[in-house]
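Student: any chance you can model this:
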Amino acid sequence: DDYLKSVGPEQLLGNMVLGNLSSLSELSSEGKSGAFFYYTADSKYMLKTVTKSEAKFFRSILKDYFEHVTANRNTLVTRFFGLHALRFKKSGGKRTENS
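Tutor: Numbers count the residues shown, from 1 in each chain. Coordinates of the predicted model:
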């Protein structure tokens, strides 16, 4: 419920589609991988851009990851709450993807 209020379509994704990123705070530097990091407006969650290969990797370990964090509530492993992709249509009708 908290996650949806912070990162849900009406709070974040809707604003991104409209080109309004004021609901995010960008960290001043990007990571070593070239990824960008953002905080939600309420500072409860951090967002990180990932490559297609990173997204594919996260999907491949999802079952084992979920089982681990469910069985080990006090784990020090970072908790992931979502993996989202944004797709934009170019003016010619072709779709581009940002993961």
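Student: and the strands in the protein, which stretches?
Tutor: Taking DSSP state E to define them, one finds strands in the chain at 24-26, 37-40, 46-48, 86-89, 95-98.
Student: pairing partners for the third one, with directions?
Tutor: Sheet neighbours of strand 46-48, with direction, are listed as strand 37-40 (antiparallel) (DSSP bridges).
Student: buried sites along the strand it pairs with?
Tutor: Across strand 37-40, burial judged by 16 or more other CB atoms under 10 Å covers 37-38, 40. C-beta: built from backbone N, CA, C; applies to glycine.
Student: of those, which is the nearest to residue 51?
Tutor: The nearest member of those to residue 51, counting by CB to CB, is residue 37 at 14.4 Å.
Student: quick check: the closest one touching residue 45?
Tutor: No. Look at residue 37 against residue 45 with CB atoms under 8 Å: they stay out of range, at 11.1 Å.
Student: how about the helices of this protein, start to end?
Tutor: Counting by DSSP state H, the chain has helices at residues 2-7, 14-17, 52-71.
Student: low pLDDT regions in the chain?
Tutor: 1, 3-31, 86-88, 92-99 (pLDDT under 70).
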